[in-house]
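missing the sequence, but the structure's below:
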């Protein structure tokens with residue numbers, strides 16, 4: 001007969017990007033008395049990584065706990081971006097219900113559909129919370145109707161469709177059962193969570209089963225395995241077994257048990273079934289493995305993750321400026337860093353290539369790989385990365401490629417230009433809804449190749465107003481050639497320092513990426529040509545000095561400010577024959593073959609081979 005822990009609830013908060021998950025957790029923590037009265041607390045307190053604060057998104061799933069009327073609620077805040085779906089999939093293995101947060105104006109978006117589908121597959125109860133009901137453009141009744149349609153579209157059964165609905169303003173920490181009647185705190189929401197989430201059940205006397213769903217590190221005890229105790233109990237100093245992915249059993253000793261209380265972890269002597277804790281002393285344990293009783297091992301199924309759809313090549317920096325900025329420069333350093341990433345991030349895969357200095361890194365999307373690159377450069381690594389490529393597969397002799405479901409919110413006047421841009425990239429419109437507010441929602445099915453480099457073009461075409469979301473939508477037949485690179489490059493033909501005089505003459509040819517006084521080398525891309533072909537240019541030329549002085553000769557040089565590319569923009573703009581050189585202080589675009597004569601010979605051979 002299973003026993004039940006009525007004092008515990010485990011729930012995950014899931015939503016699309018910027019629908020208010022982390023802000024809602026902030027309000028829960030404040031109202032549960034976690035913070036001292038005089039304690040200074042930043043907004044989005046769970047977004048602890050610098051990258052998360054800079055980008056305004058959650059990248060890693062994080063767990064905290066709040067007390068409500070004698071019940072401890074373990075809350076896991078999950079990423080809202082589709083590229084970090086691997087974090088969400090692992091999180092759902094730890095919890096017994098989900099809190100689905102939806103913006104009262106935007107309604108359900110692609111990531112909402114993705115996460116909800118995963119939760120319904122695991123038959124988890126759902127609490128729906130419509131957030132931001134204070135927005136001037138809020139439409140809570142229509143959004144609830146869209147959510148109900150989404151449940152039906154995902155083939156939810158009768159039990160799952162009867163979900164409770166609450167309304168909230170997470171920023172002020174208020175919730176209620178009606179959008180126009182919010183309580184003074186989050187009490188109604190927490191009451192519903194406790195009532196809807198099944199308490200953890202377990203079999204008394206069952207051997208230990210602890211599923212590792214995340215990894216962390218402690219400066220004193222090393223690697224921490226984060227997960228949930230499904231059966232049994234664990235005490236400090238216990239001898240346990242780690243059931244590996246390959247079927248072997250490794251012995252280990254528990255040296256630390258830590259549980260989340262508010263924002264910090266507290267050391268525990270004991271953890272029981274249903275609890276989410278971190279355990280140290282398990283050696284090189286990885287995500288998906290089970291910690292169990294060595295005398296009666298009963299491993300749980302390994303966590304399954306959706307396949308990656310995008311790949312990039314990471315290599316050692318081979319530019320003439322290699323070693324000027326970074327600390328970790330060799331292929332051994334790079335391989336160690338990638339191996340460390342794979343241990344804790346099951347959505348990333350590293351595949352060796354024919355070159356010992358280059359590795360193929362596969363992931364869910366450009367943003368996920370860009371975050372990995374940004375983390376590496378901040379840690380002191382120098383590397384060069386290639387243009388993203390889609391991972392194809394062959395089924396019954398037919399080449400298939402990944403497709404994305406794309407949702408765009410654009411002002412009415414830009415519908416034509418957006419539709420034309422995606423049509424050129426083999427996109428097919430599946431739906432168009434005009435809410436009558438001046439904005440139109442467009443839905444497309446586009447080959448993943450067609451979205452590489454599209455975001456910057458979209459923002460330019462719509463003057464920065466368009467909002468784009470996309471989600472993996474399965475494999476389908478190869479769509480044919482996509483010409484997504486219409487402009488050539490301005491390539492430096494020598495090493496040196498750029499001058500204002502040279503750039504002044506070059507700026508008429510296209511868009512420049514460098515300003516005066518910048519160190520360049522042969523083969524470095526210094527700008528984008530207005531024409532389709534590449535041009536080798538001299539950006540270091542100085543003005544010839546003469547004994548004659550005229551008004552025209554001494555006229556001030558007026559330079560257009562250069563375009564400073566972010567890492568994501570550089571990855572989008574890089575061509576098939578180019579690389580992005582990444583160092584702790586610099587981002588540079590360069591040709592794979594630096595020598596201009598060698599590039600010319602290769603281009604001639606390519607033309608003759610057609």
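Alright, I've got the coordinates. Just so you know, these numbers come straight off a predicted model, no measurement behind them.

from here on, contacts and neighbour counts on C-alpha atoms
Fine.

was I right to think residue 385 contacts residue 314?
Yes: counting by C-alpha atoms under 8 Å, residue 385 does reach residue 314; the two are 4.6 Å apart.

skip ahead from the longest strand along the chain and say which helix or strand is next.
As assigned by DSSP state E, the longest strand anywhere in the chain is strand 398-411. Using DSSP states H and E, the next helix or strand after strand 398-411 towards the C-terminus is helix 415-424.

which stretches in the stretch 151-300 of the chain count as strands?
165-169, 174-176, 201-202, 209-218, 222-231, 234-235, 239-243, 249-253, 256-261, 264-268, 270-271, 276-280, 290-292 (DSSP state E, counting those that start in this stretch).

the fifth one - what's its average pLDDT?
Read that as strand 222-231. Across strand 222-231, pLDDT averages out at 83.

what does stretch 376-394 contact?
With contacts defined as C-alpha atoms under 8 Å, 6 or more residues apart in numbering, stretch 376-394 is touched by 308-318, 322-323, 325-329, 334, 337, 366, 399-402, 448-449, 452, 571-572, 574-576, 578-584.

if we can go back for a sec, helices and strands around the longest strand of the chain, which ones?
helix 110-121, strand 393-395, strand 439-447, helix 448-451, strand 467-477 (3 or more C-alpha pairs under 8 Å, 6 or more residues apart in numbering; DSSP states H and E).

go again using 6 Å as the cut-off
When contacts are defined as 3 or more C-alpha pairs under 6 Å, 6 or more residues apart in numbering; DSSP states H and E, strand 398-411 sits against strand 393-395, strand 439-447, helix 448-451, strand 467-477.

and residue 1, which of the ones you listed is closest to it?
strand 467-477 (42.2 Å; C-alpha to C-alpha).

run a quick neighbour tally on residue 368.
20 (other C-alpha atoms under 10 Å).

which helix or strand lies directly C-terminal to the helix or strand hosting it?
For residue 368, the host element (DSSP H and E) is helix 366-378. Following helix 366-378 in sequence order, the next helix or strand is strand 383-385 (DSSP H and E).

quick one: mean pLDDT for the helix or strand just after that next one?
Tracing the chain past strand 383-385, the next element assigned as helix or strand by DSSP H and E is strand 389-390. Mean pLDDT, strand 389-390: 88.

try stretch 527-546
Rounded mean pLDDT across stretch 527-546 is 86.

same question for stretch 277-289.
82.

and that stretch, which residues are buried?
Across stretch 277-289, burial judged by 16 or more other C-alpha atoms under 10 Å covers 277, 278, 279, 280, 281, 282, 283, 285, 286, 287, 288, 289.

again, but for stretch 498-514
Buried residues in stretch 498-514 (16+ other C-alpha under 10 Å): 498-504, 506-507, 510-514.

of the residues you listed, closest to residue 191?
residue 513 (55.1 Å).

quick check, the closest one in contact with residue 561.
No: taking contacts as C-alpha atoms under 6 Å, residue 513 lies outside contact range of residue 561: 8.9 Å.

what sits in contact with each of those two?
Counting by C-alpha atoms under 6 Å, 6 or more residues apart in numbering, residue 513 and residue 561 have no contacts in common.

okay, residue 583: pLDDT?
92.

could you identify which of the strands of the stretch 151-300 of the chain is most buried?
strand 290-292 (a mean of 29; mean count of other C-alpha atoms under 10 Å).

in its sheet, what does that one sit against?
Here strand 290-292 is paired, per DSSP bridges, with strand 209-218 (antiparallel), strand 239-243 (antiparallel).

if we can go back for a sec, in the longest strand of the chain, what's buried?
400, 401, 402, 403, 404, 405, 406, 407, 408, 409, 410, 411.

circling back: which of the contacts of stretch 376-394 are buried? Put it as a ChimeraX command.
If you want just the buried ones from the contacts of stretch 376-394 in ChimeraX, going by 16+ other C-alpha under 10 Å, the selection is:
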select :308,309,310,311,312,313,314,315,316,317,322,323,325,326,328,329,334,337,366,400,401,402,448,449,452,571,572,574,575,578,579,580,581,582,583,584
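
tell me the buried residues in the helix or strand containing residue 343?
Taking DSSP H and E as the definition, residue 343 sits inside helix 331-344. Within helix 331-344, the residues that count as buried by 16+ other C-alpha under 10 Å are 331, 334, 335, 337, 338, 341, 342, 343, 344.

which of the strands of the stretch 151-300 of the chain has the lowest average pLDDT?
strand 264-268 (a mean of 75).
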